[in-house]
Structures are given as C-alpha cells and as structure tokens.
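Colleague: sequence plus the predicted model coming up.
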Amino acid sequence: MSDHRKPTGPGDPDLNTGVVTKTKAETKKPAMYKVLLLNDDYTPMEFVVVILMRFFGKSQEEATTVMLHVHRRGVGVCGVYSYEVAETKVNQVIDFSRRNEHPLQCTMEKD
Ligand code: TYC
C-alpha cells in the first residue's frame, strides 16, 4: 500500500506524529478484595457461625473453623471477591449484626 506522508528524520518537527505504540496488554484482571472478620469479646460464637453460613456460603464445619480462627487470632478471611461484591458483604454483615445488637465488625482489603 502507498504512503503519502513525507519521510521524517531527526530534527523534523513531524517526527513520530500520529504514531501510537501500545506497550500494555489490552485486558486487565479485576482487583480482588479479601473480606475480613474481626474478633470482639461480646458477639456470640454461634452468631458468627450463622453469619459465615448465611453471607459467605460456608458449611457449619467451615464456618466453625473460620470463627475459631478469628476468635484465637483476632482476624480472619471470610472470602475473596470483586470490589462491589466485597463491599456488599461487608455492609450485610455490619447491618445484620447491628440489627441483632452485636458489635461484630467486618472490613475489606486488597488481596
Ligand atoms: N470472641 C467471641 C466470644 O468469645 C467470638 C467471636 C468470634 C466474635 C469471631 C467475633 O469475629 C468474631 N464470644
């Protein structure tokens, strides 16, 4: 195919005009976020197990393992999700806990 642009060279003000070089990949994996449950001295263990089953799809056994981990270590991972899903789960946990008058806290952090 013919190219009607004039040749360019060093010092030519038109050098490289209109040339776009892509060095980055076209697609990016979405950032993922861990939803973390925090320990406290007041929320009943059974309530935490219910939260983990209801909002994080855990079996009773899995939920008990995560709850005990948080109880002993202070913090634990409930799951890893996209930003929007993680934010929704954090709000569901805090809202459900508050409505049941428990101080349980939940947060998210980049994975
Ligand atoms: N520490 C609480 C108790 O002894 C139980 C508990 C576990 C609370 C996990 C919060 O995220 C939590 N009743």
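Modeller: That came through, no problem. All of these numbers come straight from a predicted model, not from anything done at the bench. Numbering: from 1, shown residues only.
Colleague: and the chain, which of its residues are near the ligand?
Modeller: Within the chain, the positions adjacent to the ligand are 37-41, 43-45, 48, 67, 70-71, 104 by Cβ under 6 Å from any ligand atom. Using the backbone N, CA and C atoms, a C-beta is placed for each residue, glycine as well.
Colleague: can you rerun that using 5 Å?
Modeller: Those residues of the chain that sit near the ligand, judged by Cβ under 5 Å from any ligand atom, are 37, 39, 43, 45, 48, 70-71.
Colleague: how about the contacts made by residue 42?
Modeller: Counting by Cβ atoms under 8 Å, 6 or more residues apart in numbering, residue 42 touches 102-103.
Colleague: typo on my end, residue 32
Modeller: So residue 32 contacts 80-82, 110-111 (Cβ under 8 Å, 6+ apart).
Colleague: give me the secondary structure label for the residue nearest in space to the middle of the chain.
Modeller: In the chain, the centroid-proximal residue (Cα atoms, centre = their mean) is residue 33; its distance is 1.5 Å. Using DSSP: H, G, I helix; E, B strand; the rest coil, the structure places residue 33 in strand.
Colleague: now do residue 101
Modeller: Going by three-state DSSP: residue 101 is coil.
Colleague: number of residues surrounding residue 55?
Modeller: Counted with other Cβ atoms under 10 Å, residues neighbouring residue 55 total 18.
Colleague: dump the residue contacts of it.
Modeller: Residue 55 touches 78, 89, 92-93, 96, counting by Cβ under 8 Å, 6+ apart.
Colleague: list buried residues within these.
Modeller: 78, 89, 93, 96 (16 or more other Cβ atoms under 10 Å).
Colleague: let's see which of the contacts of residue 55 end up in strands.
Modeller: Among those, the ones falling in strands (DSSP state E) are residue 78.
Colleague: ok, so of the contacts of residue 55, who is nearest residue 24?
Modeller: When the contacts of residue 55 are compared for distance to residue 24 (Cβ to Cβ), residue 89 comes out closest, at 31.3 Å.
Colleague: distance of residue 88 from residue 41?
Modeller: In this view, residue 88 and residue 41 are 27 Å apart by Cβ to Cβ, to the nearest Å.
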